[in-house]
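Chemist: Structure for the following, please:
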Amino acid sequence: MDILTTMVIPLILGLTFFMFGMNVMSGGLETMAGGGLERTMKKVTANDFLGFFLGAGITIAIQSSSAFTVMLIGLVNSGLLNFSNTFGLIMGSNVGTTLTAWLLSLAGIEGMWYVDILNPNFFAPILAFVGIVMQMFSSSGKKKDLGNIFIGFAILIFGMELMSDSMVSVRTLPGFDTFLTTLKSPIIALLISTVFTGVIQSSAATIGIVQALAFSGGITWEMAIPLVLGANIGTCITALIGCIGTNKNAKRVVVMHFSVNTFGSIFCMIILYVLKALGVSVLSAEIAMVGVAIIHTLFNVINTALLIPVKKFIIKFCEVVVPEGKGEKQHTVFLDERIFNNTPLAISECRRLSNEMADYTRQAIMSSLDIIAGYDELKAKFVKDTETLTDKYEDKLGTYLVRLSSNNLTEDDSHAVSRMLHSLSDFERISDHALNLCDTALEIKEKNIIFSDDAKRELGVTIDALREIVNITVDSFVNDDFEKAAHVEPIEQVIDKLKDELKARHIDRLQKGECTVQMGFVFSDLLTNIERVSDHCSNIAVYTIQQDSPKLDTHKYLRNVKTEAVGNFVDEYNSYEKKYSLD
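Modeler: Numbers count the residues shown, from 1 in each chain. Now for the predicted structure:
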């Protein structure tokens, strides 16, 4: 019972607080980091040197190499990163995760007052108080995230203190000497640490327990080295679980992560046995908390230096372990579930895919306009395939964004999600109208309909106006350019006027017998679809203009624009009206 109350319960509580604090702190750091780091990651991964430092930086930011590796799996599974380009990121992540051990080692320092204030046990309660105040009284999302970081760090240190205190009397417990004797076997110590880390899925927690043991004076360098190595191998279990259901390249990321840590550990274990055989005395000396941090960092730095020259062999090994499947069919993955809980990254990827959808929509409408004057089977097929693709984009992205909106979003993220959700349906409807235009173009071909020269010219002017409004709409959406988006509504008003004018002129030609009723139906279908596309462009532009507004209201905005049409709007309308004049 004494063992239970003096060591087991405090150790379990300490481990629980440690892991909870780590989770809270990493969540706040992830949110504050935003999607910028991930976007940068996709740009620099071709360079292993840059990838190394970026991997280290992101892992320091989110304080979890396991979470970072799972993030990589999701990005590779989605086709956003090449498998071979993750090497530098993984090695950098392994080094970046060692920062936690250095922070925890500060808890063991003692000395003058100016040294004592560096001890996390001194300033952690202050940070906790500041964090709680920021959570309770701040209205800023960034300040609340910073408060979460402070609170998480304080909880983490409190958990570490509980674990350390539970180890103080551990040396007096019956059987502890036997346990230490077991750890004197490097292989057994390595296996124990690997299995334990795999179960709790946190190498930082395992390193924390090793440091707690070191604080109690219970272990030597000879015992600590394999325990640290085992923690580095065991942390791969999280990634192994995360790769379930992924494609071959994502699985290769896990094999690479496991391989580099295992190869490095085997090399270090060989060195350890050589040093033992040589009778190096320092191995039997007791290790301090900072010594554990040194081992952790040295292992990962040396491992990186050793493996970088043989990167190609490691990649080849991963490809052999996870070979190409016979007849494996590649499929498009829109958004991987593994990045869902990383809100900034998830929003960043939704944004990227929304931009892709916008560009596909532009290509579809441009191709459909091309074949009005001369039907082209290949372009028509492209429009049809693209319309099917945009349907999938709307379905997948829309569902994902609705779920994402239930996450704890910052104000900026909330606006971004709302704007994307509103825009998706408009882009999808534009692709529908592109398909309608193709069908009309086919009808023109099959029925051998030939418009008069005046009708062709007038229709050409309207099509040119539509091309411009689509280009401005997509460019402003992709680049978040609200100034450019403001040019859309004046053109939309001009297209509305062109539609009415063209219908009036067509009726006049019909009455004069210059065209047929059948031509009239086809001509009307063309104008209706063109006008509808411009309406959807107007909606998208308004969402861009109102992206910082708490509530998107296109009708109110457009009503105000039309009733208070002054200044730039009038000037631009007159300019576009002159540019697309029918006379």
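Chemist: Show me which helix runs longest in the protein.
Modeler: helix 411-446 (DSSP state H).
Chemist: what comes up buried for whichever helix or strand comes after that one?
Modeler: Downstream of helix 411-446, the next assigned helix or strand under DSSP states H and E is helix 453-478. Residues 455, 458-459, 461-463, 465-466, 468-470, 472-474, 476-478 are the ones in helix 453-478 that count as buried (16 or more other Cβ atoms under 10 Å). (Each C-beta comes from the backbone N, C-alpha and C, glycine too.)
Chemist: Same question for stretch 310-325.
Modeler: Across stretch 310-325, burial judged by 16+ other Cβ under 10 Å covers Lys311, Ile314, Ile315, Phe317, Cys318, Glu319, Val322.
Chemist: The fourth one: helix or strand, and which one exactly?
Modeler: Which is Phe317. Assigned by DSSP H and E, Phe317 falls within helix 311-321.
Chemist: How far off centre is that helix?
Modeler: Relative to its parent chain, helix 311-321 has a centroid offset of 26 Å by Cα atoms, centre = their mean, to the nearest Å.
Chemist: which secondary structure elements does that helix contact?
Modeler: Counting contacts by 3 or more Cβ pairs under 8 Å, 6 or more residues apart in numbering; DSSP states H and E, helix 311-321 is packed against helix 87-96, helix 248-277.
Chemist: Now do the longest helix of the chain against helix 453-478, angle only.
Modeler: Taking axes from the mean of the first three to the mean of the last three Cα atoms, to 10 degrees, one finds that helix 411-446 is oriented at 160 degrees with respect to helix 453-478.
Chemist: from here on, count from 18
Modeler: Renumbered: residue one is now 18, and that last one reads helix 428-463.
Chemist: Give the other helices and strands that helix 428-463 contacts.
Modeler: Counting by 3+ Cβ pairs under 8 Å, 6+ apart, helix 428-463 packs on helix 360-387, helix 394-421, helix 534-562.
Chemist: Report pLDDT for the residue sitting furthest away from the middle of the chain.
Modeler: Relative to the mean C-alpha coordinate of the chain, counting by Cα atoms, centre = their mean, the farthest residue is Lys529 (62.1 Å). We have a pLDDT of 71 for Lys529.
Chemist: same question, Leu483
Modeler: Note on Leu483: pLDDT of 94.
Chemist: these two touch, right, it and Arg549?
Modeler: No: here Leu483 lies out of contact with Arg549, judged by Cβ atoms under 8 Å, at a distance of 10.5 Å.
Chemist: hang on, the earlier thing: can you redo the helices and strands packed on helix 428-463 as a markdown table with mean pLDDT and mean neighbour count?
Modeler: Below are these laid out as a markdown table (pLDDT from 0 to 100; neighbours: other Cβ atoms under 10 Å):
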| stretch | mean pLDDT | mean neighbour count |
| --- | --- | --- |
| helix 360-387 | 89 | 22 |
| helix 394-421 | 88 | 17 |
| helix 534-562 | 87 | 21 |
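Chemist: I'd like to know which of these is closest to Glu518.
Modeler: For the helices and strands packed on helix 428-463, proximity to Glu518 was assessed by Cβ to Cβ; helix 534-562 is nearest, at 10.1 Å.
Chemist: now for that closest one, which elements pack on it?
Modeler: Looks like helix 534-562 contacts helix 428-463, helix 470-495, helix 499-502, helix 505-528, helix 571-580 (3+ Cβ pairs under 8 Å, 6+ apart).
Chemist: Give me the angle between that helix and helix 360-387.
Modeler: Taking the same axes, to 10 degrees, one finds that helix 534-562 is oriented at 160 degrees with respect to helix 360-387.
Chemist: re the thing from before, closest one to Asp456 among the helices and strands packed on helix 328-338?
Modeler: helix 265-294 (39.6 Å).
Chemist: pLDDT and distance to Val318 added to the buried residues of stretch 327-342, as TSV?
Modeler: Formatted as TSV, the buried residues of stretch 327-342 follow (pLDDT from 0 to 100; distance: Cβ to Cβ, whole Å):
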residue	pLDDT	distance to Val318
Lys328	88	16
Ile331	91	17
Ile332	90	21
Phe334	91	22
Cys335	90	22
Glu336	88	27
Val339	86	28
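Chemist: Can you pick out the most distant pair from those residues?
Modeler: Lys328 and Val339 (16.9 Å).
Chemist: Show me how this protein divides into domains.
Modeler: In terms of domains, the chain is parsed into 19-338, 360-596 (source: automatic domain parsing).
Chemist: weakest of these by average pLDDT?
Modeler: domain 19-338 (a mean of 76).
Chemist: Tell me what angle whatever helix or strand Gly225 lives in forms with helix 104-113.
Modeler: If you go by DSSP H and E, Gly225 is part of helix 220-232. Relative orientation of helix 220-232 versus helix 104-113 (the same axes, to 10 degrees): 30 degrees.
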